[in-house]
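**Q** Predicted model and sequence follow; I will ask about them next.
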Amino acid sequence: MVDLQKVIDFIENNLNDTMYYRNEDMKKHTTFKTGGPADLLIEPCSINEMQKLMCYIFAEEIPYLVIGQGSNLIVSDKGIRELVIKIGKNLSQSVVKNESIEVEAGATITDVAKEAQKHSLSGLEFACGIPGSVGGAVFMNAGAYDGEIKNVLEEVLVLTVDGDLLIRKAEELQLGYRTSLVQKNGDIILKAKFKLQKGNKDEIAHKMKELTQRRERSQPLELPSAGSIFKRPAGYYTGKLIEDANLKAYQIGGAQVSPKHAGFIVNTGNATSSDILNLIKHIQAEVKKRFGVELETEVRIVGEF
Ligand SMILES: Cc1cc2nc3c(=O)[nH]c(=O)nc-3n(C[C@H](O)[C@H](O)[C@H](O)COP(=O)(O)OP(=O)(O)OC[C@H]3O[C@@H](n4cnc5c(N)ncnc54)[C@H](O)[C@@H]3O)c2cc1C
């Protein structure tokens, strides 16, 4: 059991701007809009305060979970007993210099793509429409429409599990299909530097608009979801496998395989995380039974079970 009062005392006595919320409803922090409460959710407002907070958490060996925009998360209905550290809009400053953008991890990757366009910088068009934070996008090596973070990332500033601030070059990060070193070593991403190219402002805007329209046509953006639920298995398209298993529009409770895109599960209004998890298990079992293919989740499942 985390001694919450002790953590709150630390925040109040040592940090000036860091916000904290007790018994915080995680529905407000996930794009699926499901999940139970976090006992304590903390939002640091500067890298300096983040480092102080984390050094305290490491020293006290308090369990914690870092989140960004919660757009790749399923939080259990019982909620989260670890401290939740949200890196969001309070850590989202950016600086554009020549052909690079350096940005704090809490900015949304879509906002960074828009900022790049304003400065006639090309390379992040693919990311416009991905609803995650910069930190989450690096952690997942997010990608779309033939683009991925790996192609544009120069380096990141991380806080290591030893409490050190360190620059890691993109080449060190083992960025692959929805994977990175950060998923293994526990680094917390605080900043990222993207290396872009000079381009034509209108052409960049045009490409972003075209990709947004493609998304709107093919994805159920009108309902809460976490994007693609499963990773793409080598040699297959996940959506097609699910469709061929006759699971399009299949529903458990309020969770439904999207009739628009079978690779998405949507919350039709009153889904619980258990509904979503049961639907995931059902899809995995059916696809395995019919085609012998194991579907691995891309979304990350967190909280108390
Ligand atoms: C409608 C929709 C469309 C989507 N389309 C795409 C798409 O086209 N391509 C794609 O790749 N993804 C897509 N996604 C999934 C999601 O947006 C990405 O995976 C995104 O990168 C997750 O970022 P996040 O900030 O929301 O991370 P979260 O969901 O908050 O967290 C995801 C993981 O990252 C870790 N993490 C988050 N921030 C940090 C940090 N600063 N340091 C260390 N670890 C951190 C968390 O611990 C967690 O394990 C989509 C999602 C939705 C809802």
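**A** Ah, there it is.

**Q** Skip the chain neighbours and tell me the closest residue to S133.
**A** G68 (3.1 Å; C-beta to C-beta, 6 or more residues apart in numbering). Backbone N, C-alpha and C define where each C-beta goes, glycine included.

**Q** and if you look at I67?
**A** K86 (5.4 Å).

**Q** K260 now?
**A** Going by C-beta to C-beta, 6+ apart, K260 has P220 as its nearest residue, at 4.5 Å.

**Q** wait, G132 sits on I109?
**A** Yes: here G132 reaches I109: they are 5.8 Å apart, a contact under C-beta atoms under 8 Å.

**Q** before we move on, back to that, pull up the per-residue confidence for the residue nearest to I67.
**A** For K86, the model assigns a pLDDT of 98.

**Q** If you check the stretch 201-305 of the chain against the ligand, which residue is the closest one?
**A** Among all residues of the stretch 201-305 of the chain, G227 sits closest to the ligand, at 2.4 Å; criterion: C-beta to the nearest ligand atom.

**Q** quick revisit: list the contacts of the residue nearest to I67.
**A** 29, 41-43, 66-68 (C-beta atoms under 8 Å, 6 or more residues apart in numbering).

**Q** what two of those are the furthest from one another?
**A** I42 and G68 (13.8 Å; C-beta to C-beta).

**Q** higher neighbour count, these two?
**A** Taking other C-beta atoms under 10 Å, I42 and G68 do not tie; G68 has more neighbours (28 against 23).

**Q** Close to the ligand: what parts of the stretch 51-200 of the chain are there?
**A** Residues of the stretch 51-200 of the chain lying close to the ligand by C-beta under 6 Å from any ligand atom are 66-73, 87, 105, 130-133, 135-137, 139-140, 142-144, 182, 188-189.

**Q** Mark which of those are part of helices, please.
**A** Among those, the residues falling in helices (DSSP state H) are 135-137, 139-140, 182.

**Q** N13: which of those residues is nearest?
**A** Once C-beta to C-beta is applied, the member of these that ends up nearest N13 is G135, at 27.1 Å.

**Q** Without its sequence neighbours, what residue ends up closest to the closest one?
**A** A105 (3.3 Å).

**Q** Ok, G36 next?
**A** G36's closest residue in space is G79 (C-beta to C-beta, 6+ apart), at 3.0 Å.

**Q** Could you do M208 as well?
**A** C128 (4.5 Å).

**Q** G263 now?
**A** Using C-beta to C-beta, 6+ apart, the closest residue to G263 is G239 (3.8 Å).

**Q** Quick check: pLDDT value at the spatially most central residue of the chain.
**A** For the chain, G136 is the residue whose C-alpha lies nearest the centre (C-alpha atoms, centre = their mean; 3.9 Å). pLDDT, G136: 98.

**Q** can I assume it is in contact with S71?
**A** Yes: checked against C-beta under 8 Å, the pair G136 and S71 is within contact range at 6.9 Å.

**Q** need the helices for this structure, in chain order.
**A** In the chain, the helices defined using DSSP H lie at 4-14, 47-60, 109-118, 134-140, 182-185, 201-218, 238-244, 273-291.

**Q** could I get those helices as TSV with distance to I167?
**A** Formatted as TSV, the helices of the chain follow (distance: least, C-beta to C-beta, whole Å):
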stretch	distance to I167
helix 4-14	26
helix 47-60	13
helix 109-118	19
helix 134-140	13
helix 182-185	14
helix 201-218	28
helix 238-244	35
helix 273-291	37
